[in-house]
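Trainee: This is a predicted model, with the sequence first.
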Amino acid sequence: MVRILVGCKWSLSIFRSILAGTVRPGALVRAHEGLSTKVLNQCLRRHLDYGILVKTSFAEVPPRVEYHLTPFGERFTLVLEAIDELGRERVEVG
């Protein structure tokens, strides 16, 4: 159900990782076995467009980029977690 809402099976896992402090793209890929850089970038771009994430670029060499949830993204993640929980309850009952 959550995948339908956000269009990516990785979204909820990525949001959880960002909330836990994993905010750099390379670390996000390493934290999720099976997640490719290409899919991560597509997912991040979509969530930037939706206003769920904000990207911070640092003028360093090598360049550093971090992603954080916006206030809307934090609230949105709570809604997704609740939907995910409902789905698990439905499976347990059914």
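Mentor: Thanks, I have it.

Trainee: Strands of the chain, start to end?
Mentor: 53-58, 64-69 (DSSP state E).

Trainee: Give the other helices and strands that the first one contacts.
Mentor: When you say that, I think you mean strand 53-58. The contact analysis (3 or more Cβ pairs under 8 Å, 6 or more residues apart in numbering; DSSP states H and E) places strand 53-58 against helix 37-49, strand 64-69. From N, CA and C alone the C-beta is placed, and that goes for glycine too.

Trainee: Any chance you could give me the longest helix anywhere in the chain in PDB, C-alpha atoms only?
Mentor: Of all the elements of type helix in the chain, the one with the most residues (DSSP state H) is helix 71-93. The C-alpha trace of helix 71-93 is given here as PDB (Å, rounded to 0.1, in the frame of the first residue of the first chain):
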ATOM      1  CA  PRO A  71       8.700  19.300   8.300                       C
ATOM      2  CA  PHE A  72       6.100  18.100   5.800                       C
ATOM      3  CA  GLY A  73       8.200  15.000   5.200                       C
ATOM      4  CA  GLU A  74       8.300  14.200   8.900                       C
ATOM      5  CA  ARG A  75       4.600  14.300   9.100                       C
ATOM      6  CA  PHE A  76       4.200  12.400   5.800                       C
ATOM      7  CA  THR A  77       6.500   9.600   7.200                       C
ATOM      8  CA  LEU A  78       4.200   9.300  10.200                       C
ATOM      9  CA  VAL A  79       1.200   8.700   7.900                       C
ATOM     10  CA  LEU A  80       3.200   6.200   5.900                       C
ATOM     11  CA  GLU A  81       4.200   4.300   9.000                       C
ATOM     12  CA  ALA A  82       0.500   4.200  10.100                       C
ATOM     13  CA  ILE A  83      -0.500   2.800   6.700                       C
ATOM     14  CA  ASP A  84       2.300   0.300   6.800                       C
ATOM     15  CA  GLU A  85       1.100  -0.900  10.300                       C
ATOM     16  CA  LEU A  86      -2.500  -1.200   9.100                       C
ATOM     17  CA  GLY A  87      -1.200  -3.400   6.200                       C
ATOM     18  CA  ARG A  88       0.700  -5.600   8.700                       C
ATOM     19  CA  GLU A  89      -2.400  -5.900  10.900                       C
ATOM     20  CA  ARG A  90      -4.500  -6.900   7.900                       C
ATOM     21  CA  VAL A  91      -2.100  -9.700   7.000                       C
ATOM     22  CA  GLU A  92      -2.100 -11.000  10.600                       C
ATOM     23  CA  VAL A  93      -5.900 -11.000  10.800                       C
END
